[in-house]
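Chemist: task: produce atomic coordinates for the following.
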Amino acid sequence: MPNRMRLALLAAMLGFTAGPLHAWDVRDTGQPATDAEFTVTEGTWMSVDVSPDGRTLVFDLLGDIYSLPATGGDAKLIHGGAPMQRGPRFSPDGNQLLYISDESGGDNAWVSTVDGMNARQVTHETVNAITGPTWSPTGDAIVAARLFSSDEKLHAAELRLFDMKSGGSGRPLVDAPANGENVHEPQLSRDGRYLYYTEKLTAPSKAVVFIDANHIHYAIMRRDLRTGETEELIKGFGSATTPQLSPDGRSLAFIRRVKTKTVLFLYDFASGEQRPIFDDLDRDAQADYTWQGIYYPQYGWFNDSRHVAIWGKGKLLKVDMQTATATQIPFRVQAKHRITTPPRFTHDLAPKTFPVKAIRQLAYSPNSEAVVFNALGRLWRKATPSATPVRLTRSSALEFEPAFSPDGRRIAYVEWTDEAGGVLKVASADGSGSKT
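Modeler: Residues are numbered from 1 along each chain as shown. Below is the predicted model:
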């Protein structure tokens, strides 16, 4: 279901108010629309990030981006309007936001100041799509996944580095895996040496539409950007996705499926220990054919390298990665959206008559005064150029391949039913007296 359709459905369920246009970030396209306003304290599939000073959160909700005090409260709209905007990430100095927007017509990486001003496009894909961008440690470049539009690369993605000043097409950091699958969710270490990311290990031929997410399908990889050496850092049953490095570089948070639960884990670099922390998250997307470029909504560490802000069960949560306890970060969003009225056309799905646009298997009588042909799986006879075609027989079976006898008095054809299969039949030229 398209995002805007979901929005319309949600607005209707919440009982939005419709009336005169309101002054918020929308563009008048001249199309009929309804303006919807509603208040929410929960959301679905929300990516959240924490400012470097730990005082502010940014998150996405219904295609808009908001800021919020880290202690909770009323959210402030940062990016709204018609474009779908998601995945906000604070720059290392805390002065800018990196996010995905389709304002240019496709999913690209954009940056703005933290108050939403001075927005500019960084990547300029017109056919492919950019997803899951992250900052370099110095803030002068970003790394993002690029999805391909061609059918033969339906599942594939690669990781590319884009300079913030020049943008352009970027340069490859990690190619699409040889199995035809994808790499996503990049994260760079604070010294810029290591690139962490999620890689799909199983080929699409083994799991096209559904996978058992409790098996090993994804791994968190670590690539040394100095040497090019790559290792499978974390994998195992239930996979490992969506890595997030702690500010002190000592640990890494990640997501794993454990039976019916999606669980936040902690990986300790010194000991190699993997420890489950919080299991009250929503279902991850690793078993979904329609991947979004992230397998769980993005989340962020607080600057104390102990707490994580993450979305789960409709709420924003502050999870203590040492004690495995979580507290809710309350938020309230005064959402405003313009829902364009889609064009709707009525179709009679069972008309009494309709024109046939294609006929085949024409057979002319020897005197050329009649023609028999196949249309809609039945044989029809047309006697003269101005006559109306009529069914050759009254059979309920399918009929094909008509052929007149040399004297024009009989006609042979093939009849098919699922029960009996194919049968060769002969009838008079007018269709009467049909027999096998």
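Chemist: now K435. Nearest residue, chain neighbours left out?
Modeler: V426 (6.2 Å; Cβ to Cβ, 6 or more residues apart in numbering). C-beta here means a position set from N, CA and C on the backbone, and glycine is covered the same way.
Chemist: from L398, how far off is the one you found?
Modeler: From V426 over to L398 the distance is 17 Å, taken as Cβ to Cβ, to the nearest Å.
Chemist: can you map out the strands along the stretch 251-400 of the chain?
Modeler: Assigned by DSSP state E, counting those that start in this stretch, the stretch 251-400 of the chain shows strands spanning 251-258, 261-268, 274-278, 300-301, 307-312, 315-320, 326-329, 331-340, 360-364, 371-375, 378-382, 390-391, 398-404.
Chemist: dump these to TSV, plus mean pLDDT and distance to Q187.
Modeler: Converted to TSV, the strands of the stretch 251-400 of the chain look like this (pLDDT from 0 to 100; distance: least, Cβ to Cβ, whole Å):
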stretch	mean pLDDT	distance to Q187
strand 251-258	98	8
strand 261-268	98	12
strand 274-278	98	17
strand 300-301	98	11
strand 307-312	98	14
strand 315-320	98	18
strand 326-329	98	22
strand 331-340	94	25
strand 360-364	94	59
strand 371-375	95	61
strand 378-382	95	63
strand 390-391	94	68
strand 398-404	96	60
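Chemist: and these: which comes nearest V50?
Modeler: Closest approach to V50 among the strands of the stretch 251-400 of the chain is made by strand 300-301 (4.1 Å; Cβ to Cβ).
Chemist: what is that closest one packed up against?
Modeler: strand 48-50, strand 241-245, strand 307-312 (3 or more Cβ pairs under 8 Å, 6 or more residues apart in numbering; DSSP states H and E).
Chemist: 7 Å instead?
Modeler: With contacts defined as 3 or more Cβ pairs under 7 Å, 6 or more residues apart in numbering; DSSP states H and E, strand 300-301 has these neighbours: strand 48-50.
Chemist: send the alpha carbons of whichever helix or strand comes after the strand it packs on over as CSV?
Modeler: Per DSSP states H and E, strand 48-50 leads on to strand 56-61 as the next helix or strand towards the C-terminus. Taking Å, rounded to 0.1, in the frame of the first residue of the first chain, the C-alpha atoms of strand 56-61 are listed here in CSV:
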residue,chain,number,x,y,z
THR,A,56,17.8,16.5,21.1
LEU,A,57,16.2,13.8,19.1
VAL,A,58,15.1,13.8,15.4
PHE,A,59,12.7,11.2,14.0
ASP,A,60,10.5,10.6,11.0
LEU,A,61,6.7,10.1,11.1
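Chemist: in space, what's closest to the residue positioned nearest the centre of the chain - neighbours in sequence excluded?
Modeler: For the chain, the residue nearest the mean C-alpha position is Q292 (4.1 Å; Cα atoms, centre = their mean). Closest residue in space to Q292, ignoring its immediate chain neighbours: A285 at 6.3 Å, by Cβ to Cβ, 6+ apart.
Chemist: quick one: D93 from T113, how far?
Modeler: For D93 relative to T113 (Cβ to Cβ), the value is 11 Å.
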